[in-house]
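*Asks:* Build me a model from this:
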Amino acid sequence: MKPRVACAIVLPICLAACVQHRPAPPPPEDPVVELPGAVSLSDVFLLDAGKEAELIALAGQGDGEAAHRLSLHYKAIEDGARAGRWLRTAAGLGEAAAQYSLWFELRDASDCTTRREAHAWLLRAADQGFEPARDDIASSARSIKACDR
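*Replies:* Predicted coordinates for the structure are as follows:
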């Protein structure tokens, strides 16, 4: 056998043997990332007492956007009763995003009465041109048809 051919055959075998016997290095540890002044994204809906009072006053004067903002705050602090109350208030005041959110919360109810209510809120939001609501009308209508059977 010629030396070149022998090297071409033996060298890859030796390299493969060396690679197989080396243990893989351990993975690096996850880095610790600390950002001064960082705010958790889950806190984005939290209000301070002054802003909360201001929005309550505005919502009491018929501001649907303020009522919706309050519902998001109360949902963030896990006060479901107040979150639901302000969401319904905002939806009733014509806030399309709140109407859509209310549909989203009610749509999977087990009773048909609640699912019909959810569909009505969705239609109100869609009538105002709220695009996400328009996109969900067909699926919501199918859910309501199941109630009619």
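
*Asks:* for the closest residue to residue 116 other than its chain neighbours, what are its contacts?
*Replies:* Using C-beta to C-beta, 6 or more residues apart in numbering and skipping the chain neighbours, the partner closest in space to residue 116 is residue 144 (6.1 Å). Heads up, the C-betas are built off the backbone N, CA and C, glycines and all. With contact taken as C-beta atoms under 8 Å, 6 or more residues apart in numbering, residue 144 is in contact with 112, 115, 116, 119.

*Asks:* what about 7 Å?
*Replies:* Residue 144 makes contact with 115, 116, 119, according to C-beta atoms under 7 Å, 6 or more residues apart in numbering.

*Asks:* and the strand or helix carrying the last one, what's its mean pLDDT?
*Replies:* Take DSSP states H and E as the rule and residue 119 turns out to sit in helix 112-127. Averaging the model's pLDDT scores along helix 112-127 yields 96.

*Asks:* Show residues contacting it.
*Replies:* With C-beta under 7 Å, 6+ apart, helix 112-127 has contacts from 91, 96, 99-100, 102-103, 106-107, 109, 133-134, 136-137, 140, 143-144, 147.

*Asks:* Stretch 86-106 now?
*Replies:* By C-beta under 7 Å, 6+ apart, stretch 86-106 touches 59, 62, 64-65, 67-68, 70-71, 74, 114, 117-118, 121-122, 124-125, 128, 130, 132-133.
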